[in-house]
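In: this one's sequence-less:
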């Protein structure tokens, strides 16, 4: 009892002392992924930062991803941390426009590492000609497939649209559903749409569409949907995908009932958890549709931002420039199985990472993702439309008209 | 009683007129004093937000920046929004089908109102679904309905048919969720009726029996009238429950597939507060419409309660 009392006193004294020095270097960081690997990667980076800056007292809050998406609106204005994770592209738009994020163009210009090693990704961190955050990781999308099933049915990696369709025919003959997908949370369908659109019309049309400059009833977009229709007919997707999450959709893939999955690289961990080995799964880039079109890829990035209401912006900037360093990014992304945005970072010795890096670094353009490039409202209605189209393809015209109506309102 | 009080008051007033104002009006003030905290909270957390919502619904606001006045634009857009009509229609479906919980609860209560060994256990088992959180009920039914491994799929497969995807098909999805919502709601109505049945006067049942009433006639003319307070409460709770159905939808479908199982409350959340929702004004407009619908029912309920009080029960 006495010792408890004593330690309480000491604790209280320590708190007082810390409060006294708080202004010197208290750094609060909000992070949004409590899953084992991302958490470990983040915490290791924070540890390294603490070691390099022993005078800064770092506090870390790790929240669930979905909860973070809702909470950020409150904490940015009410009780802002000094650094928070968020997404670039249009997803940062509302906060940038509302003046909730700090402009860090100065840091991008003065930091030698930031100004030279991040050229490829800089545009997605830019809005109104200024930079607002620092990316720590990104990952490729593409088609993950069951190598063993492909080999058993004498199917090789398709390079063109026709080869993909032929591959689907052989898989179906063998009783395997070509694609698995779970569209309950909508965004997975946007991945398929984005790739079909990037391969049919290219990067500029993707950007114009998500920026509201091209209508959904445009003949080029209709062409994309026509290809999707072909894909639905010849490369059918698993039944009941509207009730499945992306994790649920891993089950038919693991059981060998479906052979391909249009997904981001984070899914590899889920495949392995479901019992698949490196020998059974592999990756190829989404095949070419319009011959000769410059190849663009989906490569969403995750980043850190400084809230405008942060108390300790000096140290926050130190943290951002620290996590931009090539060694830190290399280590971090090795842990989480993703790609470092810093072009001077080493990448992990893993076939998916290697292939993904190859796909992304040779691409002519990098798209973030439909729901990050388009404004939130448009994204929601658009992705609902994609899901509806996958279930009821004959409603295409009505869906496209509805999307046009929303587009007109959102981008006024 | 009241005449005695006034007489008493009058005599006091004439006798001692120089008491303090508070002492003179103590009887009138005391209840208000006790009510003040509740009224204060009710004003701040219920009444004020209603007016705030109405105010916000005239604006275009993303919840972060400046709000701009748009007048009735949100309401005009609402009238032109297919998703609004889908939600409204689903709300009506919820309202009508959810009321099935009342007769179903009555039926189970009558069935359970017997003296058999272990009846307490059966009663608690029937009440069980109401104890479980709605989230858990939603999850369990999602698994039931799963066309790959759910119980529904097993039954269908047993007959050699291919199972329907209840939550993935726009034609069935709302009914599927309502059935899931009915399960705990029936249990709730049942418990209301069980307590009501305890208060049914045995004399009247006896008298009815002497006059030759039995079976359905006994139920309709003797038992049910005495159960009116329980029925009234069950209807009120069920109607309100149907209108604010939210958790089941959030857990089971998130309004999907492509918005076909949306109801007004979830639609409002989706527009204003969800991952893709930055439209506080539009969300508030939906909230106002939902409030007006509820107002119809609530004012009816309040009115009929007032009438009953006046009738001197």
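Out: Cool, got the structure. Note that this is a predicted model, so its numbers are computed, not measured.
In: What is the neighbour count of residue B:252?
Out: 26 (other C-beta atoms under 10 Å in any protein chain shown). Where you see a C-beta, it was placed from the backbone N, CA and C, and this is true even at glycine.
In: Skipping its backbone neighbours, what lies nearest the closest residue to chain B within the stretch 51-200 of chain A in space?
Out: Distances from the stretch 51-200 of chain A to chain B, computed as C-beta to the nearest C-beta, single out residue A:98 as the nearest residue at 3.6 Å. Once flanking residues are discounted, residue A:98 sits nearest to residue B:64: 3.6 Å by C-beta to C-beta, 6 or more residues apart in numbering or on different chains.
In: Next, the contact list for that neighbour, please.
Out: Residues in contact with residue B:64, defined by C-beta atoms under 8 Å, 6 or more residues apart in numbering or on different chains, are A:73, A:76, A:77, A:94, A:95, A:97, A:98, A:100, B:278.
In: quick one: it and residue B:135, what's the gap?
Out: Per C-beta to C-beta, to the nearest Å, residue B:64 is found 29 Å from residue B:135.
In: Compute the distance between residue B:159 and chain A, please.
Out: Distance of residue B:159 to chain A, given as C-beta to the nearest C-beta, to the nearest Å: 18 Å.
In: And for residue B:193?
Out: Distance, residue B:193 to chain A, by C-beta to the nearest C-beta: 35 Å.
In: Confirm that residue sits in a strand?
Out: No: for residue B:193, which was evaluated using DSSP: H, G, I helix; E, B strand; the rest coil, the result is helix, with no strand membership.
In: okay but it is in contact with residue B:226, surely?
Out: No: Residue B:193 is not in contact with residue B:226 according to C-beta atoms under 8 Å; the separation is 11.2 Å.
In: circling back to that earlier point, quick one: the residue of the stretch 51-200 of chain A closest to chain B and residue B:62 touch, right?
Out: Yes: the criterion here is C-beta under 8 Å, and residue A:98 meets it with residue B:62 at 7.0 Å.
In: Between the two, tell me which one has more neighbours.
Out: Neighbour count, other C-beta under 10 Å: between residue A:98 and residue B:62, residue B:62 has more, with 21 against 18.
In: quick one: contacts for the more buried one?
Out: Contacts for residue B:62 (C-beta under 8 Å, 6+ apart) come out as A:94, A:98, B:278, B:279, B:280.
In: can you check residue B:264 too?
Out: The neighbours of residue B:264, taking C-beta under 8 Å, 6+ apart as the test, are B:87, B:88, B:91, B:243, B:286, B:289, B:290, B:293.
In: Please report the distance of the residue lying closest to it once chain neighbours are set aside from residue B:50.
Out: If the residues on either side of it in the chain are set aside, residue B:264 comes closest to residue B:290, at 4.5 Å by C-beta to C-beta, 6+ apart. For residue B:290, the distance to residue B:50 equals 11 Å [C-beta to C-beta].
In: Name the residue in the two with the higher neighbour count.
Out: Set side by side, residue B:290 and residue B:50 give different neighbour counts by other C-beta under 10 Å, the larger being at residue B:290 (21 against 13).
In: By mean pLDDT, flag the weakest helix or strand of the chain.
Out: Going with chain A. Across the helices and strands of chain A, the lowest-confidence element by mean pLDDT, DSSP states H and E is helix A:2-25, at a mean of 48.
In: immediately after it, which helix or strand?
Out: Once helix A:2-25 ends, the next helix or strand along the chain (criterion: DSSP states H and E) is strand A:26-31.
In: Run me through the strand neighbours of that next one, direction for each.
Out: In the sheet containing strand A:26-31, the strands it pairs with under DSSP bridges are strand A:57-62 (parallel), strand A:83-86 (parallel).
In: what sits up against stretch B:45-56?
Out: B:67, B:280, B:281, B:284, B:287, B:288, B:291.
In: Is the fifth one in contact with residue B:75, as I believe?
Out: In other words, residue B:287. No: counting by C-beta under 8 Å, residue B:287 does not reach residue B:75; the two are 11.9 Å apart.
In: got any residues that touch both of the two?
Out: When contacts are counted by C-beta under 8 Å, 6+ apart, residue B:287 and residue B:75 are jointly contacted by residue B:57.
In: Looking at the two, which is more packed in?
Out: Higher neighbour count among residue B:287 and residue B:75: residue B:287, with 24 against 17, using other C-beta under 10 Å.
In: Kindly state the pLDDT recorded for the more buried one?
Out: Reading off the per-residue confidence, residue B:287 sits at a pLDDT of 94.
In: Going by secondary structure, it is in what exactly?
Out: Residue B:287 is part of helix B:280-311, with elements assigned from DSSP H and E.
In: how about the most centrally placed residue in chain A, what does it touch?
Out: With the centre of chain A defined as its mean C-alpha position, the nearest residue by C-alpha atoms, centre = their mean is residue A:300, 3.6 Å away. With contact set as C-beta under 8 Å, 6+ apart, residue A:300 has these partners: A:87, A:89, A:138, A:139, A:141, A:264, A:368, A:369, A:372.
In: Format those as CSV; extra columns: secondary structure, distance to residue B:217 and pLDDT.
Out: What follows is those, written out as CSV (DSSP: H, G, I helix; E, B strand; the rest coil; distance: C-beta to C-beta, whole Å; pLDDT from 0 to 100):
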residue, secondary structure, distance to residue B:217, pLDDT
A:87, coil, 68, 91
A:89, helix, 71, 82
A:138, strand, 75, 90
A:139, coil, 72, 91
A:141, strand, 70, 93
A:264, strand, 68, 92
A:368, coil, 71, 87
A:369, coil, 67, 89
A:372, helix, 68, 86
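In: just curious, which of these is nearest to residue B:158?
Out: Nearest to residue B:158 among the contacts of residue A:300, counting by C-beta to C-beta, is residue A:264 at 38.9 Å.
In: Flag every residue of the stretch 151-300 of chain B that's near chain A.
Out: Residues of the stretch 151-300 of chain B lying close to chain A by C-beta under 8 Å from any C-beta of the partner chain are B:165, B:167-168, B:170, B:253-254, B:256-259, B:270, B:273-279.
In: Filter these down to the buried ones.
Out: Among those, those buried by neighbour count (16 or more other C-beta atoms under 10 Å in any protein chain shown) are B:165, B:167-168, B:170, B:253-254, B:256-259, B:270, B:274-279.
In: got the residues of the stretch 1-150 of chain B near chain A?
Out: Counting by C-beta under 8 Å from any C-beta, the stretch 1-150 of chain B comes close to chain A at B:62, B:63, B:64, B:65, B:77, B:82, B:142, B:145, B:146, B:147, B:148.
In: Restricted to buried residues, select these in ChimeraX.
Out: In ChimeraX syntax, the buried subset of the residues of the stretch 1-150 of chain B next to chain A is picked out as below (16+ other C-beta under 10 Å):
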select /B:62,63,64,77,142,145,146,147,148
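In: Looking at the residues of the stretch 1-150 of chain B next to chain A, which one is closest to residue B:111?
Out: Closest to residue B:111 out of the residues of the stretch 1-150 of chain B next to chain A is residue B:145 (27.2 Å), distances taken as C-beta to C-beta.
In: distance of the closest one from residue B:153?
Out: In this structure, residue B:145 and residue B:153 are separated by 8 Å, where distance is defined by C-beta to C-beta.
In: Next: residue A:345.
Out: 48 Å.
In: Since that was my last question, I'll sign off now.
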